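**Student:** compute the structure for the input listed below.
(chains A and B)
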Amino acid sequence: MPRFLIRTFLCALAVFLGAGLAAQQTEVVLSATSSAKLVLAMTSPKVSGLDEATVGTEFTAVLRRDLDETGVIAMLQERLPADGAPTKAWREAGAQWLLSTKLTRAANGDLQLEATALDTAAEKGVFTRTYNANKIVPVRYLAHYLADDLVGRLTGEKGVASSRIVFVRQVSPGVKEIFQVDRDGAGLIPLTRHGSLTLSPTVAGDGRLAYVTYKGGAPEIWGQRRKDGPHEKLYPAGGGGGLVSSPAWSPDGKRLAFVQGDRRGNSDIMVLDLATGRARRLTDGNGINTEPSWNPAGTQLAFTSDREGGPQVFLMQDDGSNLRKLTTEGLYNASPSWSPNGAMVAYVSRFEGKFDLFIYKLGEGKAYQITTGVSTSESPAWSPDERRLVFTSNRFGPSQLFTTDLSGRQILRMSELGGCQSPRWLRGR
Amino acid sequence: MRYGTYLVPAAIVLTLGSLACKPPKTAEQIKAETQAAFAEGVQAFKDGKARETNPYVNDKENAHKMQGWYEGWDKAKADKDAADKAAADKAAADKAAADAKAAADRAAAEEAARKAAEAEKAAAFKKAADAALVTIHFDYDKSEIKEKDRAILQGIADFMKAFPAAKVEIEGHCDERGTNEYNLALGNKRAAAALAYLKTLGVDEARFTTISYGKEKPLCTEAKEACWSQNRRGEFKLK
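**Tutor:** The predicted structure follows:
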């Protein structure tokens, strides 16, 4: 109970701070440094051929934020020694690693970034890398690449600073389109221009997009049959009509799970084999079954069903067998999202009229609450490294994109765009 | 003597043939003869000796000389006849035009009347549709037809029976609480509930299509019950 009160207080504080910082593009809402993180300090980058102010906003700030969001690195923020100070001074200030960077823009516009990290205790280099980039590459991408490689050096798995979010956004009343944005909220690109309701994006491992669009009146699943291919209708083959929703690529990208509704009010999980064009029904026409989410092996699906009354999360094999209920607490549990490593299922649960994110740890058989507060949090989707979740929330405005770490202590607003829904997180490179 | 058998008769045939056939008249000759016949006729007319019969009518060999025939020609009569004929033609043309115009006017009038009747029918249809196709509402996370909406559905059933050609799309909508996908399924369930009820009222279900918009097309966007209850609805649209 005290913890709940503290959370509530922090949230109120966050709302207050958020209002104050609303002019900035993004801001840290809640940030708590865990002692398990590596403390990294950064000297000011050495710059040649670039404007210092540009580097400050486009590189240093981006890199700082990228590293802060990794969940494994804590940026040393206070009592920083001067740039030229000896390693000892940095160590005494608390830095475990000291990162030095040099950014150069050549006469032809090409960029070069040299980065070295020093272990302050052993006083030896732990990371050295040079990045060369064509002049069309934004400076901020170099910051993302460096952040990803530093995380890779530290954990053995590359970070996700250069990843992207695909999501749905309302363009005008009744018109929604699919957009893509960089993980840090920059680089917004529209992916569809159907001029109608376009919903539920899903991205295969190789980047192929599929989604539902109402452009023909009745909903249809559209998407790409091959990498970088044109968007074409995938289902239904004929006219059809009736409810079609919630497509989800299988991990191997050969099958597409989706939902088809009938005229009696039932909706069922189907699996479409792209090669043969045959769709198979997995659930038994018993009420609502929707929101399929594959496990990483492509052998099981998590989904939402109201077969026992209210919506609850269930699991089943990819042939419809071995059905079991996952969530037991709460009257409204939905939006399951199976984690990339398969050990967890994120979902939303309704409590007192608003939704919060939960994670069910399959190994422990227990659910953990991630978000709390007076605002609603919906549509969780995993980061490719399984360290964070992206979700939508109305805490600062109408349905904006946020990310959170798995403890729920570090919630960051991704962008100020309103009217966002159904985010999906994919690797950038 | 071998060739004489053929050459002698051939020579005889050629000689006799050339004697029997006159050479054909040239164009010059025909022209000259025609001119002469014409002049002859004109002269006869001037002399007051216009002939009763055309001497060339039966002259098969000189049929072209008919052009010179001139007999009892009355210029005044010819002019009058021509004028009469022109007048008659004009009168006939005028009458035809007048008839056509009258027919067109009549057709236009008929068309206008038909259109007016159609418009009236369409207006009556639209009025009946507007009156009958009223939005119904649902409770939170529910798809049961409410007691107070039964009269609306009865009105829709009556409308469908009164206008057998009418086709209607049933739209299911939800409020903003709940996930996008679950609400799409719930909207489908609501549309299906309305469809099932209309079926029990005796309307052919093939005349309805159902579509769910979930929470994607709210009427009202404020986060309060007054707004949510408006959004949890079933709409009926003519197709």
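**Student:** next up, the contacts around the one residue in chain A that gets nearest to chain B.
**Tutor:** Closest approach of chain A to chain B (CB to the nearest CB) occurs at A:Gly265, with a separation of 3.2 Å. Placement of C-beta: from N, CA and C, glycine included. When the contact criterion is CB atoms under 8 Å, 6 or more residues apart in numbering or on different chains, the partners of A:Gly265 are A:Gly287, B:Ser143, B:Asn188, B:Lys189, B:Arg190, B:Ala191, B:Ala192, B:Ala193, B:Ala196.
**Student:** mind redoing it with 6 Å?
**Tutor:** Applying CB atoms under 6 Å, 6 or more residues apart in numbering or on different chains, we find A:Gly265 in contact with B:Lys189, B:Ala192.
**Student:** per-residue confidence at it?
**Tutor:** Here, the pLDDT recorded for A:Gly265 equals 93.
**Student:** and it, backbone torsions?
**Tutor:** Torsion angles at A:Gly265 (phi, psi; degrees, to the nearest 10) stand at phi 100, psi 0.
**Student:** so which bits of the helix or strand that contains B:Phe38 are buried?
**Tutor:** Remark: B:Phe38 resides in helix B:27-46, with elements defined by DSSP states H and E. When neighbours are counted by 16 or more other CB atoms under 10 Å in any protein chain shown, the buried residues of helix B:27-46 are found to be B:Thr34, B:Ala37, B:Glu40, B:Gly41, B:Ala44.
**Student:** give me the buried positions along stretch A:129-145.
**Tutor:** A:Tyr131, A:Ala133, A:Pro138, A:Val139, A:Arg140, A:Tyr141, A:Leu142, A:Ala143, A:His144, A:Tyr145.
**Student:** now do that stretch, average pLDDT.
**Tutor:** Throughout stretch A:129-145, pLDDT has a mean value of 93.
**Student:** next one: that stretch to chain centre, how far?
**Tutor:** 22 Å (CA atoms, centre = their mean, to the nearest Å).
**Student:** check which helix or strand covers the closest residue to A:Ala218 other than its chain neighbours.
**Tutor:** On the basis of CB to CB, 6 or more residues apart in numbering or on different chains, the spatially nearest residue to A:Ala218 that is not a chain neighbour turns out to be A:Gly241, at 4.3 Å. When elements are defined using DSSP H and E, A:Gly241 is found to belong to no helix and no strand.
**Student:** where's B:Ile170, which helix or strand?
**Tutor:** Under the assignment given by DSSP H and E, the secondary-structure element containing B:Ile170 is strand B:168-173.
**Student:** helices of chain B, residue ranges please.
**Tutor:** With DSSP state H applied, chain B shows helices at B:4-20, B:27-46, B:75-132, B:150-162, B:180-200, B:225-231, listed in chain order.
**Student:** what sits against A:Glu386?
**Tutor:** Contact criterion CB under 6 Å, 6+ apart gives A:Ser339, A:Pro340, A:Asn341 as the residues in contact with A:Glu386.
**Student:** what about the first one, how many residues nearby?
**Tutor:** Taking other CB atoms under 10 Å in any protein chain shown as the criterion, the count of residues near A:Ser339 is 21.
**Student:** repeat for A:Leu50
**Tutor:** Look at A:Leu50: counted by other CB under 10 Å, it has 16 neighbours.
**Student:** likewise A:Arg280?
**Tutor:** Other residues close to A:Arg280 by other CB under 10 Å number 13.
**Student:** beta partners for it?
**Tutor:** The residues paired with A:Arg280 through beta bridges, assigned by DSSP bridges, are A:Val271.
**Student:** surely it touches A:Val271?
**Tutor:** Yes - under the criterion of CB atoms under 6 Å, A:Arg280 lies in contact with A:Val271, with a separation of 5.2 Å.
**Student:** what sits against residue 173?
**Tutor:** I went with chain A, as the question did not name one. By CB under 6 Å, 6+ apart, the contact set of A:Pro173 is empty.
**Student:** let me rephrase: I mean chain B.
**Tutor:** B:Gly187, B:Tyr213, B:Arg233.
**Student:** for A:Val168, see how far away the residue nearest to A:Ala218 is.
**Tutor:** Distance of A:Gly241 to A:Val168, computed by CB to CB, to the nearest Å: 22 Å.
**Student:** so for these two, which residue has more residues nearby?
**Tutor:** A:Val168 (28 against 17).
**Student:** and that one, what does it touch?
**Tutor:** Remark: with contacts taken as CB under 6 Å, 6+ apart, A:Val168 is in contact with A:Lys176, A:Ile178, A:Leu199, A:Gln421, A:Ser422.
**Student:** thanks a lot, see you next time.
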